[in-house]
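> What follows is a predicted protein model with its sequence.
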Amino acid sequence: MVSLIGRLVPIAPDLDSDVDPTKPPPTQGPSEFSLHRRRAVARHNGSAIAGPARCNANVTSTLLSRRDLDFLLFEWLRVDQLSKRQRFADHTTETFADVLTLSEDLAERYFAPHYKRSDADEPTFDGQAVTVNLPDIKEALKAFADAELLGMSMDEKHGGAQVPVTVATAAFMWLQAANVSTIGYPLLTLANANLLTEFGSAEQITTFVPPMLAGRFTGTMCLSEPHAGSSLTDITTRAELQDSGTYRLFGSKMWISGGDHDLTENIVHLVLAKLPGAPAGTKGISLFIVPKFLVGADGTPVERNDVVAAGLNHKMGQRGMTNVLLNFGEGTFLPGGREGAVGYLVGEPHHGLAYMFHMMNEARLVIGAAATALGYTGYLKSVEYARNRPQGRPISAKDPAAPPVPIIEHPDVKRMLLAQKSYVEGALALILYCARLTDIASSSESTEERDSATLLLDLLTPVAKSWPSQWCLEANNLAIQVHGGYGYTREYDVEQHYRDNRLNPIHEGTHGIQSLDLLGRKVGQHDGAGLRALEALIANTIGEAAALDGEPAQLAAQLGSAWHRLLDVTTTLLGSDQPDLALANSALYLEAFGHIVIGWIWLEQLVAAADRTGGFYDGKRCAARYFYRYELPKTGPQLDLLNSMDTTTVECSFDGWEA
Ligand SMILES: Cc1cc2nc3c(=O)[nH]c(=O)nc-3n(C[C@H](O)[C@H](O)[C@H](O)COP(=O)(O)OP(=O)(O)OC[C@H]3O[C@@H](n4cnc5c(N)ncnc54)[C@H](O)[C@@H]3O)c2cc1C
């Protein structure tokens, strides 16, 4: 049997190889990374290798931990079992491992090397066009497109490979950890393509999806306007029906990621707009495809559409990705001889926001994954730094002439590292768990199983978006602290991780909006069915941990009481006849809910590691202990405050305070 892994080029020097690991192989272009080629070989060989394998086993990456990914995917979530389902039957454990290795190699080889440069060498706008000046970005995107990874989870009928989303999510996280801006272009494009395959017409899919998957076109999502971000009810972009059946759009969209650039032949904007006479509010919003260039019958861009960049936003982080104010229909270009951006309605009029939510829910998991990846790489870099930075002596050391110890020996530094570990490994596990729910829902032949997975995913999505965005950002904060003064300089990566990560609690629905979604909608939805499904899972884990005795049983008891307290408080808040007051502290509720969910996820990991020995599993046990001793107890005072229906924030007016 031929091992596919052997076909990959190792990142690090290999004793049997004379390949320079720091450069792309001279005779081996990015096309060597093709997923489809690998699948073809796998089918040919009929390969079904039992366990995950690694080509880089001798290298410890500071992007992500492959060991942790293997533990979570293969020992905990048992993604190998997914291959028994029809949808994923084409794949083996080896294909999954192969996809992860491929992504790690792409990340190390093409995405990580220009991380700092993409921050320093920002895209520019000359008043007419946006230019991405750094060639490394285009090169990385070409390597990624050639690897055919983008659509790997999509249906085969749309050109995908039906790889489980769980595996794809883990694979993409290598690239998010390496360069969150550069991979942002394809990941937005993927969300766009997924929306079109779900709701677009056959013609729309044929015209736009294949070039997006091939890396020739990118995609955007255009929701926000200068005056309307959280409240999309108030958007004013309008769409007018033409005799031809197409539409003309007029208005401005703010903050559009990848909104303009010169990286690809075309950009496919998905734009929310209102038709004349549409119902008020979100029920009057429709969705349109507005390409930067109109596409001819042969699929190539032929005529410039009337959508133009009006300016670039200069961001705190994620600077490699353009962020654009777009004007539609201002008459700069005259497609068909007249002003107005030509657009094509997706699905039915007035259903646009529901369609867009399809994209946004997926995008929210991608944001949670990005936040996690940034937290994770910052954690690994701060562990490495702490191991190598000599400073100070143990408190009990009496001899000032004794050599200083590495800072990793100081308890306060260990505290900061343990906190990071508990956040980033907890977040990673949650993200992969949610991705697996997507796979269960898309592959299940049982309605009951599918509904249950969908309900849970719905409930957990605001947590999966917001918890990593808050706590993996805090991990980056601690990573800077571990680096001391060096962490505050641009010579080290961690300050950039923090700046890059700071976006995640803001976009795709702010932290506050996610908390309103969780408490105001998700926990009570379907008569609390999602919450009950989660409760059943938590009870099951508590039972398994209790049966193990010792520390797992103690932590199980602690989780049980936190969960019941959360349920009590939820009942109080949902039963209140003062919704304004009940929702006033929804952000606190989200935080407590998130910590309890992550407590459950840590207990799950502890159970999976129960009979295992060795440093890796000891690390898991230590981080779980840290989370239960230092973090989970924080939910007590938060739930007390919530239960008291405190009026502080509602009553304070800020009027006449002179500040
Ligand atoms: C770098 C970047 C990239 C982005 N990319 C895109 C993109 O590709 N496409 C796109 O359409 N948009 C994009 N956005 C826009 C982003 O989604 C919005 O910034 C976000 O939704 C918040 O909207 P806003 O900025 O108008 O803030 P506002 O909505 O004005 O919110 C300001 C503050 O008020 C709070 N707030 C608002 N309403 C309420 C309420 N009802 N209750 C409680 N608190 C409330 C918010 O939580 C926030 O803290 C991007 C933004 C940035 C910064």
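Okay, I see it.
> ok, now which ones touch Val99?
Neighbouring residues of Val99 by Cβ atoms under 8 Å, 6 or more residues apart in numbering: Leu35, Leu149, Met152, Val163, Val167, Ala168, Ala171. The C-beta positions use only the backbone N, C-alpha and C, and glycine is treated the same way.
> One more pass at 7 Å, please.
Going by Cβ atoms under 7 Å, 6 or more residues apart in numbering, Val99 touches Leu35, Met152, Val163, Val167, Ala171.
> Tell me the buried residues in whichever helix or strand the fourth one is part of?
What that stands for is Val167. Assigned by DSSP states H and E, Val167 belongs to helix 165-178. Buried residues in helix 165-178, counting neighbours by 16 or more other Cβ atoms under 10 Å, are found at 165-178.
> With stretch 574-593 instead?
Applying 16+ other Cβ under 10 Å to stretch 574-593 flags 581-593 as buried.
> low-confidence ranges in the chain?
Across the chain, the ranges flagged by pLDDT under 70 are 1-59.
> Can you name the residue of it nearest the ligand?
Proximity of the chain to the ligand (Cβ to the nearest ligand atom) peaks at Gly229, 1.9 Å away.
> That residue: neighbour count?
18 (other Cβ atoms under 10 Å).
> Would you map the helices across the stretch 351-500 of the chain?
352-388, 411-443, 447-482, 494-501 (DSSP state H, counting those that start in this stretch).
> Now do the second one against helix 447-482, angle only.
Here helix 411-443 points in a direction 160 degrees away from that of helix 447-482 (axes from the mean of the first three to the mean of the last three Cα atoms, to 10 degrees).
> same thing with the first one?
Between the axis of helix 352-388 and that of helix 447-482 there is an angle of 40 degrees, by the same axes, to 10 degrees.
> just checking, what packs against helix 352-388?
Helix 352-388 sits against helix 165-178, helix 180-199, strand 266-274, strand 285-291, helix 411-443, helix 447-482, helix 494-501, with contacts defined as 3 or more Cβ pairs under 7 Å, 6 or more residues apart in numbering; DSSP states H and E.
> Need the contact partners of the fourth one.
Among residues not part of strand 285-291, those counted as contacts by Cβ under 7 Å, 6+ apart are 204, 208, 232, 235, 239, 247, 249, 266, 268-275, 305, 307, 328, 341, 343-347, 349-350, 352-353, 355-356.
> Could you pick out the residues of the stretch 301-450 of the chain near the ligand for me?
Neighbours of the ligand within the stretch 301-450 of the chain, by Cβ under 6 Å from any ligand atom: Lys315, Asn323.
> my bad, the chain
220-224, 229-230, 255-257, 315, 323, 503, 506-508, 510, 512-513.
> Now, these that are in strands?
Among these, the residues falling in strands (DSSP state E) are Thr220, Met221, Cys222, Trp255, Ile256, Ser257, Asn323.
> Now the residues you listed in CSV, please, with extra columns for neighbour count and distance to Lys381.
Output for these, formatted as CSV (neighbours: other Cβ atoms under 10 Å; distance: Cβ to Cβ, whole Å):
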residue, neighbour count, distance to Lys381
Thr220, 26, 31
Met221, 24, 31
Cys222, 29, 35
Trp255, 19, 29
Ile256, 24, 31
Ser257, 21, 26
Asn323, 22, 26
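> Need those residues in CSV (columns: distance to Ser576).
Below are those laid out as CSV (distance: Cβ to Cβ, whole Å):
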residue, distance to Ser576
Thr220, 40
Met221, 35
Cys222, 37
Trp255, 35
Ile256, 39
Ser257, 38
Asn323, 40
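> What residues sit buried inside stretch 509-527?
509-511, 513-520, 522-524.
> Can I get it as PDB, trimmed to CA atoms?
Extracted C-alpha coordinates of stretch 509-527, given in PDB (Å, rounded to 0.1, in the frame of the first residue of the first chain):
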ATOM      1  CA  GLY A 509     -22.700  40.300  15.000                       C
ATOM      2  CA  THR A 510     -21.100  42.000  17.900                       C
ATOM      3  CA  HIS A 511     -20.600  40.300  21.300                       C
ATOM      4  CA  GLY A 512     -23.700  42.200  22.500                       C
ATOM      5  CA  ILE A 513     -25.800  41.100  19.600                       C
ATOM      6  CA  GLN A 514     -24.700  37.400  20.000                       C
ATOM      7  CA  SER A 515     -25.700  37.600  23.700                       C
ATOM      8  CA  LEU A 516     -29.200  38.900  22.700                       C
ATOM      9  CA  ASP A 517     -29.500  36.100  20.200                       C
ATOM     10  CA  LEU A 518     -28.600  33.500  22.900                       C
ATOM     11  CA  LEU A 519     -30.800  34.700  25.700                       C
ATOM     12  CA  GLY A 520     -33.500  36.500  23.700                       C
ATOM     13  CA  ARG A 521     -34.000  33.700  21.100                       C
ATOM     14  CA  LYS A 522     -32.000  30.500  21.200                       C
ATOM     15  CA  VAL A 523     -32.400  29.200  24.800                       C
ATOM     16  CA  GLY A 524     -36.200  29.600  24.700                       C
ATOM     17  CA  GLN A 525     -36.700  28.600  21.000                       C
ATOM     18  CA  HIS A 526     -38.800  25.500  20.300                       C
ATOM     19  CA  ASP A 527     -39.900  25.500  23.900                       C
END
